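generate a structure from the sequence data that follows.
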Amino acid sequence: MVSDLLSSAQRAEIDRYLDELWLERGLAANSLAAYRRDLEQLAAELGRPLLEASSEDLLRAVAARFAAGYAARSAARWLSCIRGFFRHQVRRERLAIDPSQREG
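This is a model prediction of the structure:
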């Protein structure tokens with residue numbers, strides 16, 4: 001299980017985001033579970049906290065999904081989840097720069 005590969009700090013970071021997301025948007029349990037799965041997979045791939053991800057890390061992760069044959073809809077949902085996570089962290093001032101945003 002992917003969550004077993006994560007540190008307690010990584011799990012806490014994801015839990016905090018999902019709790020805040022649930023409070024703000026009232027997402028269904030299935031949506032929250034999908035977001036958790038996506039964020040845990042990314043954190044496991046990175047091998048470090050999500051808040052330390054770079055734009056290059058995220059580009060590699062997107063490329064890996066397409067190389068693995070993700071359907072376009074699945075890849076779009078994954079990307080939406082990841083972008084939402086980083087936008088939220090910038091809004092909460094936990095990050096100064098959103099690594100999921102294109103530069104220039």
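
so what's the residue count around Asp15?
13 (other Cβ atoms under 10 Å). Where C-beta positions appear, they are placed from N, C-alpha and C, glycine not excepted.

which of the three states applies to the closest residue to Leu27 other than its chain neighbours?
Of all residues not flanking Leu27 in the chain, Leu21 sits nearest, at 6.1 Å (Cβ to Cβ, 6 or more residues apart in numbering). At Leu21 the chain is in helix, as set by DSSP: H, G, I helix; E, B strand; the rest coil.

do the same with the one 3 residues further on
Each residue gets one of three states, and Glu24 gets helix by three-state DSSP.

measure it to Leu5 for me?
Here the criterion is Cβ to Cβ, to the nearest Å. By it, Glu24 lies 28 Å from Leu5.

equivalent analysis for Arg94, please.
For Arg94, the distance to Leu5 - Cβ to Cβ - is 22 Å.

same check on Asp15?
16 Å.

low-confidence ranges, the chain, go.
1-3, 103-104 (pLDDT under 70).

which other helices and strands contact the longest helix belonging to it?
The residue-count maximum for a helix in the chain (DSSP state H) belongs to helix 72-91. If contacts are counted by 3 or more Cβ pairs under 8 Å, 6 or more residues apart in numbering; DSSP states H and E, helix 72-91 sits against helix 8-25, helix 29-46, helix 55-67.

between the ones you listed, which gets nearest to Ala76?
Ala76 sits nearest to helix 55-67 of all the helices and strands packed on helix 72-91, at 10.3 Å, using Cβ to Cβ.

which elements pack onto the closest one?
By 3+ Cβ pairs under 8 Å, 6+ apart, helix 55-67 packs against helix 29-46, helix 72-91.

out of the ones you listed, which comes closest to Pro99?
Short answer: helix 72-91, nearest of the helices and strands packed on helix 55-67 by Cβ to Cβ, at 6.0 Å.

thank you kindly, that will do.
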